[in-house]
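Engineer: Dropping a prediction and its sequence here:
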Amino acid sequence: MVVGLLLNAIGMGWLSAVARSDSSYAGIILPLIVGGCGISMAMPAAQKSVVGVVKLQEIGQASGAITTLRIFGGVFGIAILTAVFTGSGGGFATSKAFTDGFGPAMFAAAIVAFIGAVFGLGMPGRSRAASPVIAPPQSVPADQAASAR
């Protein structure tokens, strides 16, 4: 999850630096790929980290909770990025007005992804199941083996 969020932060930060009113699609494709790969790695890992720590009979509730939080995160994320976009002079009248707000909004998205990665470092790691200790075979004297049959 941490690597995915870091990739997403890099992609969004990179996009904020290269997106201009005269940018071509070829000029922004690599940051979009990096950011997309990052979020594609982070989202399933976040889901797994939640449903992987609950009892089998609670997986449905855990999945519903993470889905609800993901939806709320999207709603609040869009609201925050829209506020950054408009607060930075962004608008839809011209391509320059759009990129004036788009760059700062993508930079804000990069900061949020980076903060998420930092928080992800504090999450407990996967606990490994204790491997059973197998005792080495012991030799049984022939007279005890015969009486055990």
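Structural biologist: Yes, it's here. Numbers count the residues shown, from 1 in each chain.
Engineer: Spatially nearest residue to the most centrally placed residue in the chain, not counting backbone neighbours?
Structural biologist: The centroid of the chain falls nearest to residue 42 when counting by Cα atoms, centre = their mean (2.2 Å). Ranked by Cβ to Cβ, 6 or more residues apart in numbering and with sequence neighbours excluded, the top spatial neighbour of residue 42 is residue 4, at 3.2 Å. Glycine gets a C-beta too; all of them are placed from N, C-alpha and C.
Engineer: Tell me the first helix or strand C-terminal of the biggest helix by length in the chain.
Structural biologist: Longest helix of the chain, by residue count under DSSP state H: helix 59-87. Following helix 59-87 in sequence order, the next helix or strand is helix 95-121 (DSSP states H and E).
Engineer: so how far is that following helix off the chain centroid?
Structural biologist: Distance of helix 95-121 from its chain centroid, counting by Cα atoms, centre = their mean, to the nearest Å, is 15 Å.
Engineer: Counting by contacts, list what that helix packs against.
Structural biologist: Judged by 3 or more Cβ pairs under 8 Å, 6 or more residues apart in numbering; DSSP states H and E, the packing partners of helix 95-121 are helix 2-18, helix 59-87.
Engineer: Would you mind listing the buried residues in the longest helix of the chain?
Structural biologist: With burial defined by 16 or more other Cβ atoms under 10 Å, the residues of helix 59-87 counted as buried are 62, 66, 81, 84-85.
Engineer: what would the helices and strands packed on helix 95-121 look like in TSV with mean pLDDT?
Structural biologist: Output for the helices and strands packed on helix 95-121, formatted as TSV (pLDDT from 0 to 100):
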stretch	mean pLDDT
helix 2-18	96
helix 59-87	94
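Engineer: Let's have those in JSON lines, adding distance to residue 37.
Structural biologist: Listed next are the helices and strands packed on helix 95-121 as JSON lines, based on distance: least, Cβ to Cβ, whole Å:
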{"stretch": "helix 2-18", "distance to residue 37": "6"}
{"stretch": "helix 59-87", "distance to residue 37": "19"}
